[in-house]
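Peer 1: What would the 3D arrangement of this be:
(one chain, ligands or ions: 1)
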Amino acid sequence: MTTIEIAAVHQRFDTFEALRGIDLMLTERRIGIVGGNGSGKSTFARLLNGLLVPTEGKVLVDGLDTARSGKAVRRKVGFVFQNPDNQIVFPVVEEDVAFGLKGLKLPKAERDALVDQVLDRFGLGALRAHSSHALSGGQKQLLALAGVLITQPDCVVFDEPTTLLDLRNARKVAGVIRDLEQSAIVVTHDLGLLADFDRVIVFENGKVSIDDRPGPALARYIGTMQ
Ligand SMILES: Nc1ncnc2c1ncn2[C@@H]1O[C@H](COP(=O)(O)OP(=O)(O)OP(=O)(O)O)[C@@H](O)[C@H]1O
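Peer 2: Numbering: from 1, shown residues only. Model (predicted):
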């Protein structure tokens with residue numbers, strides 16, 4: 001299981017400080033990140049696999065500094081964007097899924113087997129020759145997820161994975177997250193998704209305001225909104 005250490009992290013965009021002193025050790029299998037709009041959740045999520053490097057402090061993934069070992073960190077920690085259009089790059093479903101394997105130089109038969117396996121797992125097998133950009137929103141989210149999981153990261157960060165989905169597809173993605181063997185860190189406004197998680201961290205104004213098990217954390221968070 002991956003350990004992510006966030007030590008004295010500040011994140012500035014010009015003069016604006018989006019994260020103002022974060023110290024966390026992330027070791028649990030399912031971690032939810034919640035908080036109001038603009039509280040810093042997405043900024044925090046992007047720090048976890050080096051998509052963003054902190055302006056101050058350090059993020060260490062199994063001891064690897066994201067500022068120095070971005071590539072190795074991204075092999076350990078995958079990232080699923082809120083909008084799958086940001087992630088889908090190839091015009092055909094099976095090509096898009098295979099893209100993540102490109103750098104690994106696998107024999108073709110092995111690569112094809114991995115593609116088959118992951119497409120079947122997400123119910124996309126029948127759509128393998130289909131245009132990726134013509135998929136429905138839910139199918140695109142599953143394709144984006146398939147493209148990340150095929151690279152077998154130890155941990156997957158999701159930034160609002162169900163926000164753009166209808167109830168059926170949101171449930172499907174929630175099921176995929178629940179059944180993942182990897183650890184998952186999920187930024188969401190969908191509090192129901194977090195009920196059986198191990199830990200919930202609440203952001204407020206660029207800082208951690210609550211950090212607890214889901215029951216007490218969410219009760220306090222909901223209390224702050226009343
Ligand atoms: N690249 C950037 N340049 C300037 N400001 C930014 C940038 N990225 C984020 N911010 C600012 O940092 C703050 C935190 O943004 P962030 O996207 O992390 O919030 P969030 O909690 O994910 O919000 P939401 O729930 O609305 O998605 C916001 O005020 C945002 O405008």
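Peer 1: Now do the SS call for Asp196.
Peer 2: When classified by DSSP: H, G, I helix; E, B strand; the rest coil, Asp196 comes out as coil.
Peer 1: which ones are touching it?
Peer 2: Contacts here follow CB atoms under 8 Å, 6 or more residues apart in numbering; on that basis Asp196 touches 30, 178, 214. Heads up, the C-betas are built off the backbone N, CA and C, glycines and all.
Peer 1: And it, what's its pLDDT?
Peer 2: Asp196 is assigned 93 on the pLDDT scale.
Peer 1: same check, this time on Ile4
Peer 2: The model reports Ile4 with a pLDDT of 98.
Peer 1: quick one: buried residues of the helix or strand hosting Arg75?
Peer 2: Arg75 is part of helix 70-76, with elements assigned from DSSP states H and E. Buried residues in helix 70-76, counted by 16 or more other CB atoms under 10 Å: 70, 73-76.
Peer 1: picking that back up, is it possible to get the contacts of Asp196 out as TSV so that each row also shows distance to Ala113?
Peer 2: Formatted as TSV, the contacts of Asp196 follow (distance: CB to CB, whole Å):
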residue	distance to Ala113
Arg30	29
Arg178	26
Pro214	38
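Peer 1: re earlier: of the buried residues of helix 70-76, which is the nearest to Asn83?
Peer 2: Lowest distance from Asn83 to the buried residues of helix 70-76 (CB to CB) belongs to Arg74, with 19.2 Å.
Peer 1: right, and that closest one touches Asn49 too?
Peer 2: Yes: between Arg74 and Asn49 there is a contact under CB atoms under 8 Å: 5.3 Å.
Peer 1: What I need now is the buried residues of helix 70-76 written out in TSV, including pLDDT for each item.
Peer 2: Formatted as TSV, these follow (pLDDT from 0 to 100):
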residue	pLDDT
Gly70	92
Val73	95
Arg74	92
Arg75	91
Lys76	95
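Peer 1: if we can go back for a sec, buried subset of the contacts of Asp196?
Peer 2: Neighbour-count burial (16+ other CB under 10 Å) applied to the contacts of Asp196 gives 30, 214.
Peer 1: Around Gly63, how many other residues sit close by?
Peer 2: 8 (other CB atoms under 10 Å).
Peer 1: Contact partners for it?
Peer 2: Contacts for Gly63 (CB under 8 Å, 6+ apart) come out as Thr3.
Peer 1: And for Ala195?
Peer 2: When contacts are counted by CB under 8 Å, 6+ apart, Ala195 touches Pro214.
Peer 1: Repeat the analysis, applying 10 Å as the threshold.
Peer 2: 32, 214-215, 218 (CB atoms under 10 Å, 6 or more residues apart in numbering).
Peer 1: So which of these is surrounded by the most neighbours?
Peer 2: Gly32 (25 neighbours).
Peer 1: Spell out the secondary structure type for that residue.
Peer 2: Gly32 - assigned by three-state DSSP - is strand.
Peer 1: looking at it, it is touching Asp198, isn't it?
Peer 2: Yes: between Gly32 and Asp198 a contact is recorded at 9.0 Å, counting by CB atoms under 10 Å.
Peer 1: Need the overlap of contacts for the two.
Peer 2: Common contacts of Gly32 and Asp198 (CB under 10 Å, 6+ apart): Pro214.
Peer 1: Using CSV, write down the CA coordinates of the helix holding Arg75.
Peer 2: The C-alpha trace of helix 70-76 is given here as CSV (Å, rounded to 0.1, in the frame of the first residue of the first chain):
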residue,chain,number,x,y,z
GLY,A,70,7.8,12.9,-11.0
LYS,A,71,7.9,10.1,-13.5
ALA,A,72,8.4,7.4,-10.9
VAL,A,73,5.7,8.9,-8.8
ARG,A,74,3.2,8.9,-11.6
ARG,A,75,3.9,5.2,-12.1
LYS,A,76,2.8,4.6,-8.5
